[in-house]
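Colleague: my questions concern the predicted model and sequence given below.
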Amino acid sequence: MAGHEIPEPADRKQVADPMSDPLTVEETRHSCDPAFRHGVVVGFDGSTSSERALAYAIGMARRSGSGLIIVHVANRLPTTVWAGCEPPVFVDVPDHRTEVLGLELACADYLTEVPWVLVERGGDICHELEEVGREYSADAIVVGSTHGIVGRIFGSVAGRLARRAQRPVVVIP
């Protein structure tokens with residue numbers, strides 16, 4: 001069958017203009033549920049400080065009449081040790097904690113007051129919370145404060161997020 005070409009269907013629709021800028025095509029795409037636009041984003045990992053942040057975010061969403069976007073960021077681990085020649089490669093580790101958190105949240109009575117959605121992400125916590133906030137055009141991001149030596153040495157998520165976020169960040173002690 002050398003030299004045989006399959007003709008294009010006559011009713012084929014062009015999805016994107018090949019001459020257009022890919023960034024403008026991506027900007028017009030909305031990847032979130034419109035019911036949660038301008039909602040409240042809260043970082044949640046099941047810790048005591050994140051539970052306090054969730055309680056505050058529920059009240060904030062209820063008072064503003066908006067939805068609650070609960071974000072759990074899964075861990076990423078380096079696959080190689082950085083030897084100075086190239087940066088480490090990170091892989092997403094399957095995190096079944098999100099499933100457990102989702103089931104716990106689905107059974108929680110205190111979440112019946114507001115519409116909510118659980119979003120799982122992988123990567124840097126600050127970057128992912130800000131990214132979800134941007135996608136949903138969130139009015140605020142609520143996080144719990146870090147207590148412990150790790151936060152003091154490497155900087156807390158709340159502190160890093162407050163310095164770089166493009167929207168209000170509420171830190172709950």
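Modeller: Cool, the structure landed.
Colleague: which stretches of this structure have low pLDDT?
Modeller: 1-32, 75-96, 147-155 (pLDDT under 70).
Colleague: and the helices in it?
Modeller: 22-28, 48-64, 97-106, 125-135, 149-154, 157-164 (DSSP state H).
Colleague: who does Val71 form a beta bridge with?
Modeller: Gly43, Val119 (DSSP bridges).
Colleague: if I pick it, what's in contact with it?
Modeller: Val41, Val42, Gly43, Phe44, Leu118, Val119, Glu120, Arg121, Glu128, Leu129, Val132 (Cβ atoms under 8 Å, 6 or more residues apart in numbering). Quick note: C-beta positions are derived from backbone N, CA and C, even for glycine.
Colleague: give me that answer again for 10 Å
Modeller: Going by Cβ atoms under 10 Å, 6 or more residues apart in numbering, Val71 touches 41-45, 117-121, 125, 128-129, 131-133, 136, 141, 143.
Colleague: buried ones among the residues you listed?
Modeller: Those of those that meet the buried threshold are 41-45, 118-121, 125, 128-129, 131-133, 136, 141, 143, by 16 or more other Cβ atoms under 10 Å.
Colleague: relative to Pro34, which of the helices of the chain is closest?
Modeller: helix 125-135 (11.5 Å; Cβ to Cβ).
Colleague: give the other helices and strands that that closest one contacts.
Modeller: strand 40-43, strand 68-74, strand 116-122, strand 140-144, helix 157-164, strand 169-172 (3 or more Cβ pairs under 10 Å, 6 or more residues apart in numbering; DSSP states H and E).
Colleague: need those in CSV with distance to Arg62, can you?
Modeller: Compiled in CSV, the helices and strands packed on helix 125-135 are given as follows (distance: least, Cβ to Cβ, whole Å):
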stretch, distance to Arg62
strand 40-43, 10
strand 68-74, 9
strand 116-122, 11
strand 140-144, 13
helix 157-164, 22
strand 169-172, 15
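Colleague: re the thing from before, among the helices of the chain, which is nearest Ala74?
Modeller: helix 97-106 (6.4 Å).
Colleague: going by neighbour count, which residues of the closest one are buried?
Modeller: So for helix 97-106, counting by 16+ other Cβ under 10 Å, buried means Thr98, Leu101, Leu105.
Colleague: cool, and stretch 62-73?
Modeller: Ser66, Gly67, Leu68, Ile69, Ile70, Val71, His72, Val73.
Colleague: which one, of the helices and strands packed on helix 125-135, ends up nearest to Ala55?
Modeller: Taking the helices and strands packed on helix 125-135 one by one with Cβ to Cβ, strand 169-172 is closest: 8.2 Å.
Colleague: contact partners of the closest one?
Modeller: By Cβ under 10 Å, 6+ apart, strand 169-172 touches 40-42, 49-57, 60, 126, 129-130, 133, 140-146, 156-163.
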